[in-house]
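Q: Quick one: sequence plus predicted model below, questions after.
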Amino acid sequence: MDALKTISLTKYYGKSRGILDMNLTVEQGDFFGFIGPNGAGKSTTIRTLLGLIAPTSGSARLLGMDILCQKETILSHVGYMPSEASFYRNMRVKEVIKFSADLRHRDCRAEAKKLCERLELDVNKKIRELSLGNRKKVSIICALQHMPDLCILDEPTSGLDPLMQREFYAILEERNQEGATIFVSSHILSEIQRYCRHAAVIREGRLLALDSTERLGHTDTKRVRLGGVHTPPDLPHIKDVQMDGDSVSFLYGGNLNELLNTLSALPLTDVSITEPDLEEIFMHYYEEEN
């Protein structure tokens, strides 16, 4: 069974585009990344899937259930973390966490306690006393304390310091190993590359690519770094040139033999040819659409 499947899912806000003809499948048990800049349609997709807004056309199923007909059942099996969560400012953290569990008619005290300890969250403080990062922690705990089968997390790490980001992803990896499906929306591409097995790239409401993160990272383009020269070689198919003192780097999409023959005539002190990182691949997909 697929954890998530959309068929031509479309959402318009009046005449404004939300998402267009989205066909997206996430297998159960996957750790999946949803990549795109602000305004690409990530949050619209998630809110539509969860029944928070109605689709204009198309259909979708979460955990085998229709998002329109079985919304309440879906929500009992899903943990959702919005990109921006709002809580009652005068409630204490422990009250918010209990309130979230009560809405699901679950006793989540043991799991909530573990999560609060791991994320170093003071449950006695009032929400209005918390920093952005600590409010994020409250949102994480509310989304995960009931041990959902599907975790949908929208820009989850903004506001968290690097140590808490690492601990947060450690928690997600543990949940994934226990069988939960993880769906993470992010524009932080290094996170997707490090933790996700599959990913989709979205732009202006449309999917541009969907594959394993490993295959998304393999293209004909290479990142070349040269030491001992001040300018790139005179070759076609070079772009994104970056110069730093007596070294230069660039993306190269041409013939490798031609590149190596040209480099052999240069007074190089160092050379490396590597796969570009996911951020560079991401820009590659966007440039192809322009």
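A: Received the coordinates, thanks. Residues are numbered from 1 along each chain as shown.

Q: show me where pLDDT drops low in the stretch 151-290 of the chain?
A: 217-219, 277-290 (pLDDT under 70).

Q: quick one: residue 134 from residue 29, how far?
A: 31 Å (Cβ to Cβ, to the nearest Å). (C-beta placed from N, C-alpha, C; glycine too.)

Q: Downstream of the longest helix belonging to the chain, the next helix or strand is which one?
A: Using DSSP state H to define each element, the chain has its longest helix at helix 162-177. Toward the C-terminal end, the helix or strand that comes next after helix 162-177 (DSSP states H and E) is strand 181-186.

Q: Show me what that following strand is packed against.
A: strand 2-13, strand 25-27, strand 31-35, helix 42-49, strand 150-154, helix 162-177, helix 189-195 (3 or more Cβ pairs under 8 Å, 6 or more residues apart in numbering; DSSP states H and E).

Q: Export the ones you listed as a markdown table, with columns for mean neighbour count and distance to residue 254.
A: Output for the helices and strands packed on strand 181-186, formatted as a markdown table (neighbours: other Cβ atoms under 10 Å; distance: least, Cβ to Cβ, whole Å):
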| stretch | mean neighbour count | distance to residue 254 |
| --- | --- | --- |
| strand 2-13 | 18 | 38 |
| strand 25-27 | 18 | 35 |
| strand 31-35 | 27 | 27 |
| helix 42-49 | 23 | 34 |
| strand 150-154 | 24 | 39 |
| helix 162-177 | 16 | 37 |
| helix 189-195 | 18 | 25 |
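
Q: Need these in a markdown table (columns: distance to residue 95).
A: Shown next, in a markdown table, are the helices and strands packed on strand 181-186 (distance: least, Cβ to Cβ, whole Å):
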| stretch | distance to residue 95 |
| --- | --- |
| strand 2-13 | 32 |
| strand 25-27 | 34 |
| strand 31-35 | 32 |
| helix 42-49 | 26 |
| strand 150-154 | 23 |
| helix 162-177 | 22 |
| helix 189-195 | 31 |
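
Q: Out of the ones you listed, the one nearest residue 208 is which?
A: strand 31-35 (9.2 Å; Cβ to Cβ).

Q: Now do that closest one: everything it contacts.
A: For strand 31-35, contacts defined as Cβ atoms under 8 Å, 6 or more residues apart in numbering pick out 4, 26, 42, 45-46, 172-173, 176, 181-187, 189, 191-192, 195-202, 213, 278, 282.

Q: ok so residue 133 is a strand residue?
A: No: using DSSP: H, G, I helix; E, B strand; the rest coil, the assignment for residue 133 is helix, not a strand.

Q: Please verify my assumption that it contacts residue 161.
A: Yes: the pair residue 133 / residue 161 is scored as a contact, 6.2 Å apart, by Cβ atoms under 8 Å.

Q: So residue 43 versus residue 73, what's the distance?
A: For residue 43, the distance to residue 73 equals 23 Å [Cβ to Cβ].

Q: got a list of what the closest residue to residue 151 other than its chain neighbours touches?
A: Ranked by Cβ to Cβ, 6 or more residues apart in numbering and with sequence neighbours excluded, the top spatial neighbour of residue 151 is residue 79, at 4.6 Å. Counting by Cβ under 8 Å, 6+ apart, residue 79 makes contact with 143, 144, 146, 148, 150, 151, 152.

Q: redo that, cut-off 6 Å
A: 143, 144, 148, 151 (Cβ atoms under 6 Å, 6 or more residues apart in numbering).
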